[in-house]
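Asker: All I have is the shape, not the residue letters:
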């Protein structure tokens, strides 16, 4: 699936992934390949993106996530790549 993590200023990540773990307002959840469509509000925490090269972590301060047609778009207020 394609994953994009975007802030109002820049794109923090764009590429293929096997899964994405997000900090929802009610707790952590994970979206895998071919997931059903969904929209979720995000709280403060880490977005972990599982790629073939390993796991990329992005610390976020909140936002929204949309999963549609095997594409995940994470819109965040502010974010910082950790690795």
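Answerer: Cool, got the structure. Just so you know, these numbers come straight off a predicted model, no measurement behind them.
Asker: Could you use CA atoms for every contact and neighbour count after this?
Answerer: OK.
Asker: which parts of stretch 9-17 are buried?
Answerer: 12, 13, 17 (16 or more other CA atoms under 10 Å).
Asker: swap in stretch 21-32?
Answerer: Result for stretch 21-32 [16+ other CA under 10 Å]: buried residues 21, 22, 23, 24, 25, 31, 32.
Asker: Now tell me what touches it from outside.
Answerer: With CA atoms under 8 Å, 6 or more residues apart in numbering as the test, stretch 21-32 has contacts from 18-20, 40-49.
Asker: how does it look with 10 Å?
Answerer: 1, 17-20, 37-38, 40-50, 57-65, 67, 70, 72, 74 (CA atoms under 10 Å, 6 or more residues apart in numbering).
Asker: Please check those and keep the buried ones.
Answerer: 1, 17-20, 40-50, 57-60, 62-65, 67, 72, 74.
Asker: mind checking the SS state of residue 8?
Answerer: Recorded secondary structure, residue 8: coil (DSSP: H, G, I helix; E, B strand; the rest coil).
Asker: wait, it sits on residue 75?
Answerer: Yes - counting by CA atoms under 10 Å, residue 75 is a contact partner of residue 8 at 8.2 Å.
Asker: Name the residue in those two with the higher neighbour count.
Answerer: residue 75 (21 against 9; other CA atoms under 10 Å).
Asker: Now do the lowest-mean-pLDDT helix or strand in the chain: everything it contacts.
Answerer: Here the helix or strand of the chain ranked lowest by mean pLDDT, DSSP states H and E is strand 79-81, holding a mean of 92. Under the criterion CA under 10 Å, 6+ apart, residues 5-7, 10-13, 44-47, 56-63 lie in contact with strand 79-81.
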